[in-house]
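> Give me a model of this one.
(one chain, ligands or ions: 2)
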Amino acid sequence: MTSQTLSFTILGTGALGGFYGSRLLVGGFPVRFIAHSDVDYIRAHGLRVDSPLGDQHHFPVDVYRASDALPQSDLVCVALKTTQNHRLVDLLRPLVRPGTVILNFQNGLSMEEELAEAFPESPVIAGLCFLCSNKVGPGHIAHLDYGLVSFAPQDARGQAWVPRLMEAFASSGIKVESFPSLLKARWRKLAWNIPFNGLSVLLDANTDSIMADPDARALAEQLMAEVATGAAACGAPFDTGFTGKLLEVTEAMTPYAPSMRLDYLAKRELEIAFMYERPLREVAKRGVRLPAVEAIAHQLRFLDRRNRAGGT
Ligand SMILES: NC(=O)C1=CN([C@@H]2O[C@H](COP(=O)(O)OP(=O)(O)OC[C@H]3O[C@@H](n4cnc5c(N)ncnc54)[C@H](OP(=O)(O)O)[C@@H]3O)[C@@H](O)[C@H]2O)C=CC1
Ligand SMILES: CC(C)(CO)C(=O)C(=O)O
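Numbers count the residues shown, from 1 in each chain. Ligands and ions are numbered 1, 2, ... in the order given. Next up, the predicted model:
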């Protein structure tokens, strides 16, 4: 099979799923979207993606509810927030048959292990996304910047798919790279998400304000250093200079509200379990503690509960 024949189902037509699904449509691939609150809107009005890569308006769109019967696709791409992961296996069950590739785009740690356990007959691959994209309305996505996908397979079966996926995404205008070690790739992504997603909520600040202020930046650096300790404890040490480079990239970034800040402002549940609790659990298994990361997780849980309960 060549990449030209690959078909995709996107589970979760939000900031990330809407963006990559749109790019794959532009690349000429059949894409089926599963949407939630805006499924009727997308059916009636299509999917809009505003992007520096070129604005797109797709109409008609092959869009479904999760409860609908869908034609089978070669790949199912998970683009839900991890706050929905208690439902993920049930949502995926009708979409996955033996051999269907599961490509997980979510932020966090250990999702692929859990998927591989639930779907032992499917290759599971992580697509780690360096993307700045927001859902700004029903069926409407605003892509602000970036888009690189780092493909990292859960096992050798997934590895065999990586070149085809890279070709498909690259031919759709997406920058791609591959990472042989899923664990390393996941910890490298956490080195950004753990400091900046959490601090953006706790300090009510975007990335530029965090980087410009000496105290906020010191906190970000302390958290990043602890993530490096965690990564090393789990057998995925960072290369020398990696965290320094990450800080430089963040400094050069378009001022950005990380996804957790947007969730907080919209009073949506925060992705604390997979972004903070799973990494803390994995390092604790190895007898290591990350006190600053633990502290930030406690604060985020408090704020998240209060935010959604509407208290002060
Ligand atoms: N946005 C970004 O730039 C980046 C995001 N990520 C990660 O990607 C993941 C997705 O984030 P993001 O796209 O921003 O989140 P969004 O909230 O924008 O998108 C999630 C989508 O899933 C839909 N959804 C929720 N429940 C269901 C369901 N039961 N069936 C079908 N669809 C459902 C939501 O619909 P509705 O709104 O109607 O509930 C929403 O459109 C997260 O783990 C995030 O951390 C990683 C890198 C960058
Ligand atoms: C690193 C970044 C900003 C983009 O991929 C992200 O993961 C997020 O906003 O959660």
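
> from here on, contacts and neighbour counts on C-alpha atoms
Noted.

> which residues does D50 contact?
If you count contacts by C-alpha atoms under 8 Å, 6 or more residues apart in numbering, D50 has them with 56, 140-143.

> quick check: domain ranges of the chain?
3-180, 184-309 (automatic domain parsing).

> Could you confirm whether the first one reaches ligand 1?
Just to be clear, that refers to domain 3-180. Yes. For domain 3-180, a contact with ligand 1 is found by C-alpha under 6 Å from any ligand atom, at 11-17, 34-38, 66, 79-82, 105-107, 129-135.

> Derive a PyMOL selection command for the buried subset of those.
Selection command for PyMOL covering only the buried members of these, criterion 16 or more other C-alpha atoms under 10 Å:
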select buried, resi 11+12+13+14+15+16+17+34+35+36+38+66+79+80+81+82+105+106+107+129+131+132+133+134+135
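
> From the chain's centre, how far out is stretch 104-121? Work that out for me.
Taking C-alpha atoms, centre = their mean, to the nearest Å, the mean C-alpha location of stretch 104-121 is offset from the chain mean by 12 Å.

> Name every strand pairing with the helix or strand hosting I141 and say which way it goes.
Taking DSSP states H and E as the definition, I141 sits inside strand 140-153. In the sheet, strand 140-153 lines up against strand 47-50 (parallel), strand 124-137 (antiparallel), strand 176-178 (parallel) (DSSP bridges).

> show me where the stretch 201-312 of the chain has strands.
For the stretch 201-312 of the chain, applying DSSP state E, counting those that start in this stretch gives no strands.

> nope, the stretch 1-150 of the chain is what I meant
8-11, 31-34, 47-50, 56-58, 63-64, 75-78, 101-104, 124-137, 140-153.

> In JSON lines: the ones you listed, plus distance to ligand 2.
Formatted as JSON lines, those follow (distance: least, C-alpha to the nearest ligand atom, whole Å):
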{"stretch": "strand 8-11", "distance to ligand 2": "18"}
{"stretch": "strand 31-34", "distance to ligand 2": "21"}
{"stretch": "strand 47-50", "distance to ligand 2": "17"}
{"stretch": "strand 56-58", "distance to ligand 2": "21"}
{"stretch": "strand 63-64", "distance to ligand 2": "25"}
{"stretch": "strand 75-78", "distance to ligand 2": "15"}
{"stretch": "strand 101-104", "distance to ligand 2": "13"}
{"stretch": "strand 124-137", "distance to ligand 2": "3"}
{"stretch": "strand 140-153", "distance to ligand 2": "8"}
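
> so which of the ones you listed comes closest to D204?
strand 124-137 (17.8 Å; C-alpha to C-alpha).

> what mean pLDDT does the closest one have?
Per-residue pLDDT values across strand 124-137 average out to 95.

> All further residue positions should be reported with the first residue as 260.
Got it, the first residue is 260 from now on, which makes the last one we talked about strand 383-396.

> Report the mean confidence score over stretch 324-338.
97.

> what about V308, distance to E436?
23 Å (C-alpha to C-alpha, to the nearest Å).

> what's the closest of the strands of the stretch 260-409 of the chain to M470?
strand 383-396 (17.2 Å).

> now the closest one, how far from the chain's geometric center?
That offset, for strand 383-396, works out to 5 Å (C-alpha atoms, centre = their mean).

> One more: stretch 503-518?
16 Å.

> does ligand 2 sit close to that stretch?
Yes. Against ligand 2, stretch 503-518 shows contacts by C-alpha under 6 Å from any ligand atom at 517-518.

> If I look at Q263, what pLDDT would I see?
52.

> sorry, that was for A477
Looking at A477, the pLDDT reads 98.

> Give me the distance between it and ligand 2.
A477 sits 19 Å away from ligand 2, going by C-alpha to the nearest ligand atom, to the nearest Å.

> I'd like to know how far that residue sits from M512.
18 Å.

> give the contact list for L306.
277, 315-318, 320, 398-400.

> Quick one: residues contacting the closest residue to N393 other than its chain neighbours.
Closest residue in space to N393, ignoring its immediate chain neighbours: A274 at 4.6 Å, by C-alpha to C-alpha, 6 or more residues apart in numbering. Going by C-alpha under 8 Å, 6+ apart, A274 touches 392-394, 400-402.

> quick one on the thing from earlier: so between V308 and E436, which is more surrounded?
V308 (27 against 16; other C-alpha atoms under 10 Å).

> Just grab the bridge partners of the more buried one for me.
Q315, I400.

> quick one: it and D314 touch, right?
Yes. Between V308 and D314 there is a contact at 5.7 Å, judged by C-alpha atoms under 8 Å.

> one step back: in JSON lines: the strands paired with strand 399-412, plus distance to E372.
Formatted as JSON lines, these follow (distance: least, C-alpha to C-alpha, whole Å):
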{"stretch": "strand 306-309", "distance to E372": "32"}
{"stretch": "strand 383-396", "distance to E372": "9"}
{"stretch": "strand 435-437", "distance to E372": "18"}
